[in-house]
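*Asks:* Predicted structure and sequence below. I'll ask about it afterward.
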Amino acid sequence: MHGFGQLTWSEGESYLGHFRDNKFEGEGKYQWRDGRIYVGCWRKGKQHGNGKMFISRRVYLGIWVDGVRSGNWLEEYEEPEVDLTLKSDSRSQSTIRGQGTINDMRVQLSGSISVRDE
């Protein structure tokens, strides 16, 4: 393969990105069947350069050299989904769903937020 494309294996793993001489090359995204995801640079079929590795709810940012993590790493956590139920009186309530954080009983929501009256 050469150029941009997608490969999906029967075991559930997939790659979406650039190829050169049948190898991953340039920017691409690889997803393992256990849920891990790597998004970043590839060279000669190996992770090489800047990239992000998503494992569970953690995100690792750093540099790879020939398929191996190298140097210092930054570890971040994805923001969890937050469900809040707001009651204005005993007969009505609304549920708010979105990503955000809870700090000292103050809630900060970000991204898309949906409100459902019940």
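*Replies:* Sure, I can see it. Numbers count the residues shown, from 1 in each chain.

*Asks:* List the contacts of the closest residue to residue 21 other than its chain neighbours.
*Replies:* Nearest in space to residue 21, with sequence neighbours left out and distances taken as CB to CB, 6 or more residues apart in numbering, is residue 2 at 6.8 Å. For the C-beta atoms, the positions are set from N, CA and C on the backbone; glycine is no exception. Residue 2 sits next to 19-22 when contact means CB atoms under 8 Å, 6 or more residues apart in numbering.

*Asks:* again, 10 Å this time
*Replies:* Residue 2 is in contact with 18-23, 25, counting by CB atoms under 10 Å, 6 or more residues apart in numbering.

*Asks:* Next: residue 68.
*Replies:* Listed by CB under 10 Å, 6+ apart, the contact partners of residue 68 are 46-48.

*Asks:* who wins for neighbours among those?
*Replies:* Using other CB atoms under 10 Å as the neighbour test, those are led by residue 47, with 23 neighbours.

*Asks:* and the residue nearest to that residue when sequence neighbours are not counted, bridged to which residues?
*Replies:* Distances taken as CB to CB, 6+ apart place residue 64 nearest to residue 47, at 3.8 Å, with adjacent residues excluded. Beta bridges link residue 64 to residue 49, residue 69 when assigned by DSSP bridges.

*Asks:* how far away is residue 64 from residue 12?
*Replies:* In this view, residue 64 and residue 12 are 23 Å apart by CB to CB, to the nearest Å.

*Asks:* Who has more neighbours out of these two?
*Replies:* residue 64 (21 against 11).

*Asks:* from what I can see the more buried one touches residue 51, true?
*Replies:* Yes: if you go by CB atoms under 10 Å, residue 64 and residue 51 touch, sitting 5.6 Å apart.
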